[in-house]
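build me a model from this:
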Amino acid sequence: MKADIYQEAFKDFQSSATTDGSYLGINKAAKEQEAHMRMKVQEKLKEANLRLKEMKAKVSLTMKGNAIQLRATLPLKPGDTNIKSRQTKQYQISLNIPANLDGLKTAEEEAYELSRLISRKCFEWNDKYLGCKASQNIDINFGEIYDKFEDIFFQTRKRDIKSEHTFTEYKKVFKREFKSDLIVNKKNIEISLSKIDSSSKRFQGIKVASIICKYLEIDIDFQKLKLPIIPQKRDIPQDKVIIDGFDKFEKYYELNKHKKNPYWNSYLIYRLAYGLIANYGLRPREVFNQPDIDWFISEDNKDNTWKVHNDNKTGAREVLPFMPEWIELFDLKNKKALEMLKQRTDKIKSFSQLTIIVDKNSQWFKRIGLEFKPYDLRHACAIRAHLQGIPLKAAADNLGHSIEMHTKVYQRWFSLENRKKAMNTALNEKQEMKMLREQNIYLQKKVESLSLELEKYKLNKILI
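Okay, here's the model as predicted:
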């Protein structure tokens, strides 16, 4: 199986630690995986060349760009000459074989075939060996690429929950933006992308198109096709709204418990998730993807940290609560709710199962009448961290992204109300500092006055 070949090559792959959830961070991780796969192909190519040498084949393999070529000493091409007047010359033959593990197998077979022709002295320069372009990519349409998009995507990526999530999103974009009966070429890719009016959707389309172009070796300058990002309006909930929102779970349950639905108490899971996201600034998936409940309730967990599993967007991290008092307020150590969350998440064995529970979490927000989304609670943490005066690096690490991403998030969603809070806090602190300085001057003068009186008292004592 193709997938098995590539995933076997990723078994020893370890991604570098990152706290950057931005496109640049994700792109860096993808490039690391591509580099790892290229290294594996180079290792396998060396092994193939050793086998060819052992079999006394007169052909070797080389890697050039994204292709594997055959190298051999052959009769002169028609019209070619040799400066040493010989009738043979070393050539590198391109058969449009991709530089991947499947291509390597094909290249080795072609090398043996060419070696047999050389040994039998029956080699001829035909269209195949003259480098005439193979017709395999001519008139291929987007529908055909879509059908094998999974194989293409995972040829250079380790298959895990993170990459499965990315692939699923990319496949939706592929189907939405590229017509299946349209021929894949530079012009049609550019036309398809130019029809996307939304800057964010076009950016998604570009990410998918770049994978297609890399696979088919189509050269496009995507920078020219990007649209400027226009920030959308988003109301991030204030702390009072967040606290009121938590209470809505219980109210909804009380209003509907008479329906005798055996799953109604599952609201405890989603109320707990609400509190965890609100207090720790977690991504919703970080609540449900292999949570370490045993650690969270452990007596050794003195700082009440939440451990994010390594198999999440930006890897493992240990998160401190932004509002320690909310642990009690939101009943985050509720044993029944935590046990229910553990039982539910222990059953998750695939990306699709994880997606279902994350989607259900969003549905609960709508069900109980909340006017914001789960991710807004995370953004609220980024803003609150700034208002709390938490250093940027500490806040960014806690949220699992870069300082650049953290700054961009709280600046984008920083409302007038939050600006007023920040300015009032700064002014109050300034006023407080002024009062402290005045008190300090007063106390210094008082100390000086008392010191003088003490000296006078001592002097009078001596004179008496």
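
now the helices for the stretch 151-300 of the chain?
Secondary structure of the stretch 151-300 of the chain by DSSP state H, counting those that start in this stretch: the helices cover 161-177, 186-194, 199-216, 239-256, 267-280, 284-288, 293-297.

which residues does Lys40 contact?
9, 101 (Cβ atoms under 8 Å, 6 or more residues apart in numbering). From N, CA and C alone the C-beta is placed, and that goes for glycine too.

could you check the pLDDT of it?
What the model reports for Lys40 is a pLDDT of 94.

and Ala422, by the same measure?
Predicted confidence (pLDDT) for Ala422: 52.

of the helices of the stretch 151-300 of the chain, which is nearest Gln90?
Smallest distance to Gln90 across those (Cβ to Cβ): 29.4 Å, for helix 199-216.

specify the angle between the closest one and helix 186-194 in degrees.
Note on geometry: by axes from the mean of the first three to the mean of the last three Cα atoms, to 10 degrees, helix 199-216 and helix 186-194 are set 160 degrees apart in direction.

quick one: contacts of helix 199-216?
Residues contacting helix 199-216 (Cβ under 8 Å, 6+ apart): 66, 98, 137, 140, 145, 149, 152-153, 169-170, 173-174, 177-178, 184, 189, 192-193, 196, 218-220, 222, 225-230.

how about stretch 362-381?
With contacts defined as Cβ under 8 Å, 6+ apart, stretch 362-381 is touched by 234-239, 241-242, 245, 248-249, 251-252, 267, 270, 273-274, 277-284, 322, 361, 399, 409-410, 413.

give me the buried subset of those.
Buried residues within these, counting neighbours by 16 or more other Cβ atoms under 10 Å: 236-238, 242, 245, 248-249, 252, 267, 270, 273-274, 277-284, 322, 361, 399, 409-410, 413.

pull up the gap between Phe365 and Gln204, please.
Per Cβ to Cβ, to the nearest Å, Phe365 is found 24 Å from Gln204.

could you do Glu190 as well?
Glu190 is 16 Å from Gln204, by Cβ to Cβ.

tell me which of the two has more neighbours.
Taking neighbours as other Cβ atoms under 10 Å, Glu190 and Gln204 compare with Gln204 leading, 19 against 16.

can you spell out the domain ranges of the chain, please?
Taking automatic domain parsing as the criterion, the chain consists of the domains 2-133, 142-225, 239-414.

would you mind giving those as a markdown table with distance to Lys458 added?
What follows is these, written out as a markdown table (distance: least, Cβ to Cβ, whole Å):
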| stretch | distance to Lys458 |
| --- | --- |
| domain 2-133 | 64 |
| domain 142-225 | 77 |
| domain 239-414 | 48 |
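
could you tell me the least trusted of these?
Of all the domains of the chain, mean pLDDT reaches its minimum on domain 2-133 (a mean of 87).

got the CA coordinates for the strand or helix carrying Glu150 in PDB?
Take DSSP states H and E as the rule and Glu150 turns out to sit in helix 149-154. What follows is helix 149-154 as a C-alpha-only set of coordinates in PDB (Å, rounded to 0.1, in the frame of the first residue of the first chain):
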ATOM      1  CA  PHE A 149      -5.200  14.000  -3.400                       C
ATOM      2  CA  GLU A 150      -4.900  12.000  -0.200                       C
ATOM      3  CA  ASP A 151      -2.000  10.000  -1.600                       C
ATOM      4  CA  ILE A 152      -0.300  13.200  -2.900                       C
ATOM      5  CA  PHE A 153      -0.800  15.000   0.500                       C
ATOM      6  CA  PHE A 154       0.600  12.200   2.700                       C
END
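
list the buried residues of it.
149-150, 152-154.

end-to-end on stretch 259-276?
Length of stretch 259-276, first residue to last, Cα to Cα, to the nearest Å: 28 Å.

contact partners of that stretch?
Here stretch 259-276 makes contact (Cβ under 8 Å, 6+ apart) with 245-246, 249-250, 252-253, 256-257, 282, 284, 287-288, 306, 326, 330-332, 334, 336-338, 340-341, 344, 360-361, 364-365, 374, 377.

from those, list just the buried residues.
Buried members of those, scored by 16+ other Cβ under 10 Å, are 245-246, 249, 252-253, 282, 284, 287-288, 306, 326, 330-332, 334, 337-338, 340-341, 360-361, 364-365, 374, 377.

could I get the pLDDT score of Leu416?
The confidence metric pLDDT takes the value 51 at Leu416.

many thanks, I have nothing further to ask.
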